[in-house]
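Visitor: here you go, sequence then predicted model.
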Amino acid sequence: MKSKKISKLFYLSFILIFWILIFTLTCKNPSGPGIDFNLRNWYIMQGMAAGPGYTGNITYGDSNCIWPTNFGGQYRVFTNQGATHYRIPALLTLPNGDILAFADKRAAGAGDLPNQIDVYVRKSTDNGTNWGPEKRITPVSTSKKDGHGDTAVVLDKKTGHILALVAAGQGFLKSTPHDPIRIKVIRSKDNGDSWSEPIDITSQVYGDGCEDPTRRYWYAAFVSSGNGLQMRNGRIMFIINVRESASTSGASFRNYALYSDDGGYKWKVSRGSPKNPRGGNEAKVVELNDGSLLMHIRWTPNRLQSRSYDNGETWTEATAINGILSSDSNGDLIVYTSTKNGYDKDRLITLVDSTVWNGQRNGYPGNPTFYISYDEGYTWTNYKKLYEGDAGYSSLAILKDGSIGILAELGNSWNGPIYFLRTSIEWCNSNDNPCSPTNTKK
């Protein structure tokens, strides 16, 4: 009888110690890398539905972290050389923690298509401290008529495939239904080590070959570069910028969702787009906790926003985001943490050039700044400027340790070079610590 009581006491003590470990040791210590038992990932695998955003334990804090306030030439991933310019960053973290950095290599100056452009990728296997050699993923461009660029990327979590969508051939403003700017899909099945030949999906989207009676008369469309989205239901989605008519005025542009439900082989276009007198431009989309979608659209003096409540088929009117001053430049938008994944707060992060356009192109855009929302994008606060000076496009990714990876054009307006940096939510907002004692994740 006594031995049974001892066994029961031992068992209860073991359970108590186990739960103490869970609640006290699985979160980052603000002064160091902390201890990561992967307990939350284990719990999720037992049947807990993963929400949007990061799902792992935040363990950053090691000495290899690159802080945005202290960087120089050693952090250049793509460096301009003579007439060759790098543009259009896209950043992607793989399931094994490797990072892929994509960029246009523009041989005849920094101009957009039509231009002699190849897309290149570099890989890091040590969280961005070092980078492997450049690898071309598009056919060799020998003239301004056969270039590929403006890469948008997404990881299909169902298959592990990486999809890179690129524009090709004709330019956006010169495109017509008869001679359209092309949209192509390039696929990697081995973590970016090799890539398929580009598959042209233009006829599924618009132009003469399109079966849709309206979209067959659209003049131009291309995918917004940077991050794509995979929803919790498996749908892969990008936002396309569309010129529906011969007009080249920005007020005539519109944003539609381009999506696939079969892993990127067959593509569909949303029925509706955000309507507004300002028009559209390059845009990003994220999924929120309730399954609705939030779109941020390039504009100035403020970013525009729109929401969808039917998986991207229709969109609300686009309205200005009062909390986000912005250049007319492409930025990025990500879900960092979600309460559906056990964190204390919902955190959306966007990085955009915050210089408001004054009507002149010189000295514009610039001053990329982080904005954070804690209420699913309804309000935003300007927390930290990444860089003081001319800049261009940027792309964000959450790295394997929970830090925030940044791939950005810095030092020139829309003209490279492209840097990789790492930072934390605490750097963006010194009052926010996702691993505080009151926020131990379960």
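Guide: Arrived safely. Numbers count the residues shown, from 1 in each chain.

Visitor: okay, S31: pLDDT?
Guide: S31 carries a pLDDT value of 31.

Visitor: cool, F37 as well?
Guide: On pLDDT, F37 comes in at 29.

Visitor: repeat for G51
Guide: pLDDT, read off for G51, is 70.

Visitor: what residues are up against D208?
Guide: Residues counted as contacts of D208 (Cβ atoms under 8 Å, 6 or more residues apart in numbering) are P177, H178, P180, R216. Quick note: C-beta positions are derived from backbone N, CA and C, even for glycine.

Visitor: most surrounded residue in these?
Guide: P180 (26 neighbours; other Cβ atoms under 10 Å).

Visitor: that one and C210, how far apart?
Guide: In this view, P180 and C210 are 9 Å apart by Cβ to Cβ, to the nearest Å.

Visitor: got it, and D328?
Guide: In terms of Cβ to Cβ, D328 sits 29 Å off from C210.

Visitor: which parts of the stretch 51-200 of the chain are strands?
Guide: Assigned by DSSP state E, counting those that start in this stretch, the strands in the stretch 51-200 of the chain fall at 76-78, 85-93, 99-106, 117-124, 135-136, 148-155, 162-168, 182-188, 199-200.

Visitor: wouldn't N276 be in contact with A320 here?
Guide: No. Assessed by Cβ atoms under 8 Å, N276 is found out of contact with A320, at 9.2 Å.

Visitor: so the two - more neighbours on which side?
Guide: Legend: neighbour count by other Cβ under 10 Å for N276 and A320, higher for N276 (19 against 16).

Visitor: how about the nearest residue to that one, chain neighbours excluded?
Guide: If you skip the residues right next to it in sequence, N276 has A318 as its closest partner in space, 4.0 Å away by Cβ to Cβ, 6 or more residues apart in numbering.

Visitor: swap in I162?
Guide: I162 sits nearest to S188 (Cβ to Cβ, 6+ apart), 4.3 Å away.

Visitor: residues in contact with E287?
Guide: Applying Cβ under 8 Å, 6+ apart to E287 gives the contacts P52, L229, M231, R232, L293, V335.

Visitor: got the phi and psi for it?
Guide: Main-chain dihedrals, E287, degrees, to the nearest 10: phi -100, psi 140.

Visitor: just name the shakiest helix or strand of this protein by mean pLDDT.
Guide: Within the chain, judged by mean pLDDT, DSSP states H and E, the helix or strand with the poorest mean is helix 39-45; its value is a mean of 30.

Visitor: any idea how many residues pack against the closest residue to V154 other than its chain neighbours?
Guide: Using Cβ to Cβ, 6+ apart and skipping the chain neighbours, the partner closest in space to V154 is G228 (3.3 Å). Residues lying near G228 (other Cβ under 10 Å) number 26.

Visitor: got the confidence number for G228?
Guide: pLDDT, G228: 97.

Visitor: report the contact partners of it.
Guide: A152, V153, V154, L163, L165, I236, M237, F238.

Visitor: so who does the last one touch?
Guide: Applying Cβ under 8 Å, 6+ apart to F238 gives the contacts A152, V154, L165, V223, S224, G228, L229, A257, L258, Y259, V285.

Visitor: dihedrals phi and psi, it?
Guide: Backbone torsions of F238, given as degrees, to the nearest 10, read phi -130, psi 160.

Visitor: distance of it relative to Y256?
Guide: To Y256, F238 is 10 Å away according to Cβ to Cβ.

Visitor: give me the below-cutoff pLDDT ranges for the stretch 251-400 of the chain.
Guide: Along the stretch 251-400 of the chain, the model assigns pLDDT under 70 to residues 359-363.

Visitor: I'd like the distance between W218 and L348.
Guide: 31 Å.

Visitor: W195: which of the contacts of G228 is nearest?
Guide: For those, the closest approach to W195 (Cβ to Cβ) belongs to L163, at 10.5 Å.

Visitor: ok, now which ones touch the closest one?
Guide: With contacts defined as Cβ under 8 Å, 6+ apart, L163 is in contact with V153, V154, L155, D156, V185, I186, R187, G228, I236, G264.

Visitor: recalculate using a threshold of 7 Å.
Guide: Neighbour list for L163: V153, V154, D156, V185, R187, I236, G264 [criterion: Cβ atoms under 7 Å, 6 or more residues apart in numbering].

Visitor: ok, the second one touching M237?
Guide: Which is V154. No. Counting by Cβ atoms under 7 Å, M237 is not a contact partner of V154; they are 8.2 Å apart.
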